[in-house]
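K.L.:
take this sequence and fold it.
(one chain, ligands or ions: 3)
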Amino acid sequence: MNKLPHDSAHKHVTGESVYINDIDPGTNLLHGHIVYSKYAHAKIIAVDYKKALELEGVVKILSYKDIPGDNQMGPVFHDEPCLAVNEVNFIGQAILLIAAKTKEICREAEKLVNIEYKELEAILDLDTAFNKDSRLHPSRKIECGNITEGFVNSDHILEGTLETGGQEHWYLETQSALAVPGEDQEIKVYSSTQHPSETQAIVAEVLGKFRNEVEVEVRRMGGAFGGKETQANHVAAWAALLANAAGQAVKIHLTRDEDQIMTGKRHRAKNFYKVGFNHTGQLNALKVDLHLDAGSSSDLTMAILERALFHIDNAYYIPNLRVVGHTWKTNLPSNTAFRGFGGPQGMAVIENIMDRIARFLKKDPFEIRLKNFYQNEINNITHYKQKIENNRLELLEKQILKSSEYLARRKQLKLFNNSNKYLKRGIALSPVKFGISFTTAFLNQAGALVNIYRDGTILVNHGGTEMGQGLNSKIIHVASSELGLNPVSIKINATNTSKVPNTSATAASSGSDLNGMAVKNAIDKLKLRLEVIIKGIFKNPQLNSNDIIYKNGKVFDRNNPDTSITFPELIEKAYLERTSLSATGYYKTPEIHYDREKGEGKPFHYFAFGMAVSEVEVDTLTGYVKLLRTDILHDVGRSLNEGIDMGQIEGGFIQGVGWVTTEDLKYDQNGNLLNHSPDTYKIPTIQDIPKDFRIDLLKNVPNPNTIKQSKAVGEPPFMLALSVWLAIKDAISAVGDHQFEPEFSLPATNEVILESIEKIREKIGR
Ligand code: MTE
Ligand code: HPA
Ligand code: MOS
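P.N.:
Ligands and ions are numbered 1, 2, ... in the order given. Take a look at the predicted model:
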């Protein structure tokens, strides 16, 4: 069992870990600054920055006219200008770039810039977007069974609306890039990006350079959470434009406020649903219209929408289902990837529905969930026709029901609620089934480059990026166990586009799945070459490769364990016999495919499963929520690193708790984000973790066909936080003795909770 600490943990604690803002490229460094739109929607009438250019210390000011290549940084669709031309579409959109000797000079220079705008009408919410018909792209649909018949054959039908809120990523390191011009056309960009190859591509495009002239390097990110999958490209492109124009290194490191104002967030959603079920609570038919607020441009919205459609079922078999997804353009920063990538928005709908059905039928919601879970032999095909294999729902449900004492606590809770007028407790169990693979099939590939040096040490390059999730620690484990070496003899290089080209983003929780396999593939190639040398050393030309064991820094023949050679000795020998000790590796996920027109296929290599039980206490006079206890049981296959996986489960869950409770983006009527700093935008703190927090990994569940039988873990636990939202709902419902459905949105802030309680109090006349 691997329990190595995170490879950078000690450096994070001492402050030695290097982030972009810590890199010192020498004396000639300039600071970059962005002059952005103060209007949500406006024509630019005139831009005058003559006076600003005269300010001492200002080196360059660039507008769209100074872009040598394409004025474009849209990652999928080319609908996002790098610098505004004659119209601005959100507050925070870049218009001018300033490079100066200090940040302070940049800010002084901005005060001398004069931009004349003509304000236009702005669309700032989904309802206005519907009214103005500001569709971004045509809708997408997935359908199975016969929805009309499904409703006809249902005993009961419920309809409703559920809104889910946006979310700010709040990575600790704000968006950052350092661009350093080199010889001829070369430029090197140190970027805090999840997607170095795309950053390279965008930098090359805006500068009118070839990709082989642009090198992007990422040592680590101080958190990303999807927020640096595409939107790190922006600061990288701006820094590169300034550095290219000035012939000097330029760094851009956004302030927290700039970052929160300028960058996209999780997509807000508004969903309309209609569900049909029989008198026992068995789901029969579901129709959902899902609407995402895309913001000002496409970014990854269509992929996010697709994942939302794929996760509308969460863990439940629904024989007749029709889900249609819509995307809407608004005058806000373009929304983007965020842990779960549309999954949370889809799952919130079905989980809310399960609770409504339970309340309607006066049954325990757990009973309704249990009845509808995907099963092993029957009812195991999703709405997009993927068969669910290695279903862990039953295992999870049996174990967590027992370990959390759900049923007994449900009884205690009733007693508590009956004897407390103002404090009400609620409990909820919620499952997660999350599809692992990029839903854009071609992205499911990865590369690696493994070098062995003559002293027997290993340098691994892979295409993934480290953002705190522990990918590098997992890769070290893969390499060290494949080569039988102590982890200290393995080092991972900073991710660099010149080492491994054409990589995919480290995203979709697939970082270790894809890059782990690519590294293993490179090591397999090296072992094949070493085999020749080993046969010579052991004087056994017949030696079977399966009999060659790499363990404890040595190599030996399984049948003659006494004949062995140390790894460094083997390497030196191989070198002298002229063996290439460097190999590239490659991996592509097998068998995945999806036909978008038909809405069917096998988009996911496998599913990750988890389950949570959360109990809360709501003060019905203030709306304050205490998270009393959470039990989580999660399926990570055979863990690549237990400590890191536990950390991912804790962190993902708590980030989800923020989304479902306190994180509430507030805008004024002009589209200004009002809470763009930590004093007003409330991410969870140490106070918000459950008072009693019990996490366990599901045992003895090796995942077939993945690196060391492991499972992706980055995103799935996020959605377990829906258990907290559902528990709050249960507690509020107790105010009216569970006779009324609480009217409720997500996030459940204290205000939302109080309003919902007031409505129930009106109904019961108290
Ligand atoms: N954990 C930390 N500490 N920091 C992060 O930025 N990002 C999450 C998750 N866990 C993130 C994290 C997201 S959105 C994804 S997709 C995965 O990590 C990406 O890494 P992986 O594919 O290696 O799991
Ligand atoms: N997850 C994250 N990023 C992505 C995906 C996905 O499924 N598809 C395309 N980019
Ligand atoms: Mo994660 S949202 O796929 O970067």
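K.L.:
do you know how far the closest residue to residue 134 other than its chain neighbours is from residue 117?
P.N.:
Counting by Cβ to Cβ, 6 or more residues apart in numbering, residue 134 lies nearest to residue 329, which is 4.6 Å off, once chain neighbours are set aside. Heads up, the C-betas are built off the backbone N, CA and C, glycines and all. Separation of residue 329 from residue 117 (Cβ to Cβ, to the nearest Å) stands at 20 Å.
K.L.:
what's the answer for residue 190, then?
P.N.:
According to Cβ to Cβ, residue 190 stands 34 Å off from residue 117.
K.L.:
between the two, which one's more packed in?
P.N.:
Shown here are residue 190 and residue 117; by other Cβ atoms under 10 Å, residue 190 has more neighbours (25 against 18).
K.L.:
list the contacts for the residue of the stretch 101-250 of the chain found nearest ligand 2?
P.N.:
Closest to ligand 2 within the stretch 101-250 of the chain is residue 229: 5.9 Å, counting by Cβ to the nearest ligand atom. By Cβ atoms under 8 Å, 6 or more residues apart in numbering, residue 229 lies in contact with 194, 195, 300, 336, 337, 505, 507.
K.L.:
can you tell me which of those end up in strands?
P.N.:
Among the contacts of residue 229, none falls in strands (DSSP state E).
K.L.:
near ligand 2, list only the ones from these.
P.N.:
Residues of the contacts of residue 229 in contact with ligand 2 (Cβ under 6 Å from any ligand atom): 300, 337, 505, 507.
K.L.:
where along the stretch 601-750 of the chain do the strands fall?
P.N.:
Counting by DSSP state E, counting those that start in this stretch, one finds strands in the stretch 601-750 of the chain at the ranges 606-619, 625-634, 692-697.
K.L.:
out of the ones you listed, nearest to ligand 3?
P.N.:
Between ligand 3 and the strands of the stretch 601-750 of the chain, the shortest gap by Cβ to the nearest ligand atom is with strand 606-619, which sits at 12.9 Å.
K.L.:
pLDDT below threshold where in this structure?
P.N.:
For the chain, the stretches flagged by pLDDT under 70 are 1, 766.
K.L.:
state the distance from the residue of it found nearest ligand 2 to ligand 3.
P.N.:
For the chain and ligand 2, the shortest gap (Cβ to the nearest ligand atom) falls at residue 508, measuring 3.4 Å. As judged by Cβ to the nearest ligand atom, to the nearest Å, residue 508 and ligand 3 stand 5 Å apart.
K.L.:
and the stretch 201-350 of the chain, which residues reach ligand 3?
P.N.:
Within the stretch 201-350 of the chain, the residues that sit near ligand 3 (Cβ under 6 Å from any ligand atom) are 226, 229, 337, 338, 339, 341.
K.L.:
closest to residue 411 among the residues you listed?
P.N.:
Taking Cβ to Cβ as the measure, residue 411 lies nearest residue 339 of those, at 35.0 Å.
K.L.:
that closest one: what's it in contact with?
P.N.:
Applying Cβ under 8 Å, 6+ apart, the residues near residue 339 are 225, 226, 652, 655, 656, 714, 715, 718.
K.L.:
kindly report the same for residue 501.
P.N.:
Taking Cβ under 8 Å, 6+ apart as the test, what residue 501 contacts is 197, 447.
K.L.:
also the one 3 residues further on?
P.N.:
Taking Cβ under 8 Å, 6+ apart as the definition of contact, the neighbours of residue 504 are 195, 197, 438, 443, 444, 445, 446, 463, 514.
K.L.:
in TSV, list those residues along with neighbour count, secondary structure and distance to residue 616.
P.N.:
Putting the contacts of residue 504 into TSV (neighbours: other Cβ atoms under 10 Å; DSSP: H, G, I helix; E, B strand; the rest coil; distance: Cβ to Cβ, whole Å) gives the following:
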residue	neighbour count	secondary structure	distance to residue 616
195	28	coil	37
197	20	helix	43
438	24	coil	35
443	18	helix	38
444	23	coil	39
445	18	strand	43
446	28	strand	41
463	31	coil	42
514	31	helix	38
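K.L.:
just put those in TSV and tack on distance to ligand 3.
P.N.:
Shown next, in TSV, are the contacts of residue 504 (distance: Cβ to the nearest ligand atom, whole Å):
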residue	distance to ligand 3
195	9
197	15
438	8
443	10
444	13
445	16
446	14
463	15
514	12
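K.L.:
so which of those is the closest to ligand 1?
P.N.:
Of all the contacts of residue 504, ligand 1 sits closest to residue 514, with 8.1 Å by Cβ to the nearest ligand atom.
K.L.:
thought the closest one was touching residue 587?
P.N.:
Yes - between residue 514 and residue 587 there is a contact under Cβ atoms under 8 Å: 5.9 Å.
K.L.:
got the residues of the protein near ligand 3?
P.N.:
Within reach of ligand 3 by Cβ under 6 Å from any ligand atom, the chain has these residues: 194, 226, 229, 337, 338, 339, 341, 507, 508, 715.
K.L.:
check contacts around the last one.
P.N.:
In this case it means residue 715. Contacts for residue 715 (Cβ under 8 Å, 6+ apart) come out as 339, 340, 341, 343, 434, 508, 509, 652.
K.L.:
what residue in the stretch 351-500 of the chain comes nearest to ligand 1?
P.N.:
Nearest to ligand 1 in the stretch 351-500 of the chain, going by Cβ to the nearest ligand atom, is residue 468, at a distance of 2.8 Å.
K.L.:
so what's that residue closest to, chain neighbours aside?
P.N.:
Residue 468 sits nearest to residue 223 (Cβ to Cβ, 6+ apart), 5.5 Å away.
K.L.:
pretty sure that neighbour sits in a strand.
P.N.:
No - under DSSP: H, G, I helix; E, B strand; the rest coil, residue 223 sits outside any strand and is assigned coil.
K.L.:
list phi and psi for residue 55.
P.N.:
phi -60, psi 130 (degrees, to the nearest 10).
K.L.:
that one contacts residue 108, doesn't it?
P.N.:
Yes - Residue 55 lies in contact with residue 108 (Cβ under 8 Å); the separation is 6.1 Å.
K.L.:
having no further points to raise, I will conclude here.
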